[in-house]
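# Provided below for reference: sequence and predicted model.
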Amino acid sequence: MAQVTLQSVKKTYPNGFQAVKDFNLDIKDGEFVVFVGPSGCGKSTTLRMIAGLEDVSSGTISIGGRVVNDVHPKDRDIAMVFQSYALYPHMSVYKNMAFALKLRGVPKAEIDKRVNEAARILGLAELLDRKPKQLSGGQRQRVAVGRAIVREPKAFLFDEPLSNLDAKLRVTTRGELKSLHQRLKTTTIYVTHDQEEAMTLGDRIVVMSNGLIQQCDTPLQVYRHPVNRFVAAFVGTPPMNFLEGTLERGGNGLEFVEGSNDPSGRAYRLPVPASRAARVEGFVGKPIVLGLRPQMLTNTPGQNEASTMTMSVKVVEPLGDQMDVACATPKHGHVVARLHAQDGVRAGQPITLKVDMDAAHFFEPGEFGRNLVL
């Protein structure tokens, strides 16, 4: 096991494109860290620089206290699992897992010990004589992981390893990977574009965009306290709703004014609670963005009529004991509420939703507008 440290790491390609810009991160010994973000954000490039498959334009990468910028990939004592299984089709599971150790000249008895132990951990003991074509997708991915385990590296690097699996198998294999990390306690860096995968796996998640770290924290902290609008939009299912409007002073304090009227002609005005008002006082009369997670909108009756919005229902998506209801205001055509499943909610009808303004977020305008209530 080892600590992995990246200091001011940058990656610029010959055409001038900056894939990674000033990346700084300390990954603790034994920690499971997930890089997550949209395609092209620089997460895989960063992982490949740690592995030695991409050169570092500037900055330093250390593994176990040793700077590895100029160290060959095979000498960095890391093991990488790719999106493609990359198994040798003519070799058995045993031989696939043992191959790298054999190349290194590890004694046969030690190879046998490591392969059988990894097979036991991964539930592959009865499959060691099979060829890859005789295995399911999940079993092949476990063999790829087993091939990494037997090397007993200082760190595991995973580059979107579950992308080729179907939805049900992804969930199962995800659980297996988390359980495996809890057993081995090996430093693990994992890349994915799936924010749900990141939330369930990581001790910490690193949200990236445009080659920069937008936020790095525990999954719960990132979900509850996103530092900017990009992170708020990317983390959470369904995504956060954003309503653009202004702040005005009302009879009882600050109010968020959405700028259009509900079906009955009443303006959409939501009172800003005192816990939020002090943070956004400076934005009175200025454009501001209200962020509401779908779970903050409910159709349970409440005493505060001022904190409600009546909207027209566009689409209802049943999800078992819950349902996602897509609504619209004249100004904002897509507002999603996650509600308890019930009959009687239909497209084309109005629905009145209570808004939990105590949990609401306020952002500066723009894609990366900062969260004003942190």
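Sure, I can see it. Keep in mind that this is a model prediction, so the values were computed, not measured. Numbers count the residues shown, from 1 in each chain.
# drop to CA atoms for contacts and neighbour counts, all remaining ones
Will do.
# per-residue pLDDT, Val336?
Confidence at Val336, expressed as pLDDT, is 98.
# host element of it?
strand 335-340 (DSSP states H and E).
# Then Phe99?
Using DSSP H and E, Phe99 falls in helix 93-103.
# Buried residues, that helix. List them.
By neighbour count on 16 or more other CA atoms under 10 Å, the buried set for helix 93-103 is Val93, Tyr94, Lys95, Asn96, Met97, Ala98, Ala100, Leu101.
# now the strand or helix carrying Gln221: mean pLDDT?
Using DSSP H and E, Gln221 falls within helix 219-224. Helix 219-224 comes out with an average pLDDT of 97.
# Now do whichever helix or strand comes after it: everything it contacts.
Later in the chain than helix 219-224, the nearest helix or strand by DSSP H and E is helix 229-234. Residues from elsewhere that reach helix 229-234 (CA atoms under 8 Å, 6 or more residues apart in numbering): 37, 195, 207, 214-215, 222-223, 226, 239-241, 363, 366-371.
# 7 Å - rerun?
Val207, Pro226, Pro239, Met240, Phe363, Glu367, Phe368, Gly369, Arg370, Asn371 (CA atoms under 7 Å, 6 or more residues apart in numbering).
# just curious, which of the residues you listed is nearest to Pro318?
Pro239 (16.9 Å; CA to CA).
# ok, now which ones touch that closest one?
Contacts of Pro239 (CA under 7 Å, 6+ apart): Ala233, Arg293.
# ok, the nearest residue in space to Leu297 that is not next to it in sequence - contacts?
Leaving aside its sequence neighbours, Leu297 sits nearest to Val355 (CA to CA, 6 or more residues apart in numbering; 5.0 Å). Residues near Val355 by CA under 7 Å, 6+ apart: Met296, Leu297, Thr298, Ser307, Thr308.
# switch to 10 Å and redo it
Listed by CA atoms under 10 Å, 6 or more residues apart in numbering, the contact set of Val355 reads 270-271, 292-299, 302, 304-309, 337.
# Next: Arg120.
Arg114, Glu126, Gly146.
# Now name the helix or strand holding it.
helix 108-122.
# immediately after that helix, which helix or strand?
helix 137-149.
# What angle do helix 137-149 and the very next helix or strand once past that following helix make with each other?
The C-terminal neighbour of helix 137-149 among helices and strands, as given by DSSP H and E, is strand 155-159. For strand 155-159 against helix 137-149, the angle by axes from the mean of the first three to the mean of the last three CA atoms, to 10 degrees is 150 degrees.
# for strand 155-159, packing partners?
strand 32-36, helix 43-51, strand 78-81, helix 137-149, strand 187-192 (3 or more CA pairs under 10 Å, 6 or more residues apart in numbering; DSSP states H and E).
# Work out which residue lies at the spatial centre of this protein.
Gln195 (2.8 Å; CA atoms, centre = their mean).
# What distance do you get for the residue nearest to Leu297 to Pro132?
Distance of Val355 to Pro132, given as CA to CA, to the nearest Å: 53 Å.
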